[in-house]
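Colleague: Sequence and predicted structure are below.
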Amino acid sequence: MKWSLRVGRLFGIPLYVHFTFFLFLMWVAAESWRMGGSTGGALVEVLFMCALFGCVVLHELGHALTARRYGIATRDITLLPIGGVARPSPGPPLTFSLPASSCSSPSSPRAFSPSVMPAWKA
Ligand SMILES: [Zn+2]
């Protein structure tokens, strides 16, 4: 995806962050600082958002690895302020594997959300 920065690779799948995500983090920091006037508070909010979007990466990884199980490669995963996108590589049409891939991911963020919630309440 254009305007994206490659930040790593997970299970052989390139992970990108769109530049608007960085704008989003800057907005979160600015709003937090404006509301509380604390740099530390703004940093905590930004770290919380990064942890939250870590769950989005796990969610997209669930899609990608389930698709791989059915023989469909994933071109890349991109994080956006509105969520993530796991793009399948061009290939045969998704038929049987689409329901499995679609249903596989929703549970992965739930497994990790308890680790994020204490940070939110702090
Ligand atoms: Zn999904």
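Modeller: The structure has been received and is ready for your questions.

Colleague: The one helix or strand residue 9 maps to pairs with which strands, and in what direction?
Modeller: In this structure, residue 9 sits in strand 4-10 according to DSSP states H and E. Using DSSP bridges, strand 4-10 pairs in its sheet with strand 13-18 (antiparallel).

Colleague: next structured bit after the partner strand?
Modeller: Counting by DSSP H and E, what follows strand 13-18 is helix 19-36.

Colleague: between that following helix and strand 13-18, how many degrees?
Modeller: Interaxial angle, helix 19-36 versus strand 13-18 (axes from the mean of the first three to the mean of the last three C-alpha atoms, to 10 degrees): 50 degrees.

Colleague: Please enumerate residues in contact with helix 19-36?
Modeller: Here helix 19-36 makes contact (C-beta atoms under 8 Å, 6 or more residues apart in numbering) with 3-5, 38-39, 41-46, 49-50, 53, 79-81. For every residue, glycine as well, the C-beta is placed using N, CA and C.

Colleague: Quick check: phi and psi on the residue of the chain positioned farthest from its centre?
Modeller: Centroid-distance maximum for the chain: residue 37 at 28.4 Å, with C-alpha atoms, centre = their mean. Per-residue torsions, residue 37: phi 70, psi 20 (degrees, to the nearest 10).

Colleague: check contacts around residue 10.
Modeller: By C-beta under 8 Å, 6+ apart, the neighbours of residue 10 are 57, 61, 77.

Colleague: Count the neighbours of the first one for me.
Modeller: Think residue 57. By other C-beta atoms under 10 Å, the residues close to residue 57 number 20.

Colleague: List the buried residues of the longest helix anywhere in the chain.
Modeller: In the chain, assigned by DSSP state H, the helix with the most residues is helix 39-69. The neighbour-count check on helix 39-69 (16 or more other C-beta atoms under 10 Å) flags 42, 44-46, 48-49, 51, 53, 55-68 as buried.

Colleague: what sits against residue 53?
Modeller: Residue 53 is in contact with 21, 79, 84, counting by C-beta under 8 Å, 6+ apart.

Colleague: Kindly recompute the last result at 10 Å.
Modeller: 17, 21, 24, 25, 59, 79, 80, 81, 83, 84 (C-beta atoms under 10 Å, 6 or more residues apart in numbering).
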